[in-house]
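Participant: test case, fold it:
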Amino acid sequence: MHNIKIAIAVAMLVASPALAQPSGQTPETILKVNGLSPPRVDHLGVRASALHWGMTAAEVARIMGTPSGVDSYTSEDVNVRVLDFSDELIPTKVTIVNETVSGVALDVARIDDRALPSFQSSDVVRNEPRHRPEGAVGDQR
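Facilitator: Purely as a prediction, here's the structure:
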């Protein structure tokens, strides 16, 4: 029985290339016919890649330049600055706590809050019936 199993396994290995059906089209032909392009990844040179945790604020300024915005928070013993570099290829925020880098955030999705519509309660259209039977659900009388 063991020899039969070995014989079947060997036969399958030998027959596999013979049973494979060759394609009439090369990958290049398929791409030309369907108008598809192969997958690829674009790499961007981002200055924030040179930043690291614990770096001084002066080094950040030397690498990144002048931020487009700065938010500051201070207390008795903590000074926090969030530098906004929204003009970069990938918008970047650098958090500096007590003059050292504590965080770097890249907005790879490039979501711009200013481009989103603002909604207010007056913008909501209510679809309520004009007359409700007395005692109906939602009756506010």
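
Participant: need phi/psi at Ile6.
Facilitator: phi -70, psi -40 (degrees, to the nearest 10).

Participant: ok, it - how many residues close by?
Facilitator: Look at Ile6: counted by other CB atoms under 10 Å, it has 9 neighbours. (Glycine included, C-beta is placed from N, CA and C.)

Participant: next: Met64.
Facilitator: 18.

Participant: surely it meets Phe85?
Facilitator: Yes: using CB atoms under 8 Å, Met64 is in contact with Phe85, at 5.7 Å.

Participant: overlap in contacts, these two.
Facilitator: Counting by CB atoms under 8 Å, 6 or more residues apart in numbering, the contacts common to Met64 and Phe85 are Ala48, Thr92, Val94.

Participant: so the first one belongs to a strand, correct?
Facilitator: No: with DSSP: H, G, I helix; E, B strand; the rest coil as the criterion, Ala48 is assigned helix and is not in a strand.

Participant: how about it: what's its closest non-neighbour residue?
Facilitator: Among residues not flanking Ala48 along the chain, Thr92 sits closest, at 4.6 Å (CB to CB, 6 or more residues apart in numbering).

Participant: over to the last one?
Facilitator: Closest residue in space to Val94, ignoring its immediate chain neighbours: Leu83 at 4.5 Å, by CB to CB, 6+ apart.
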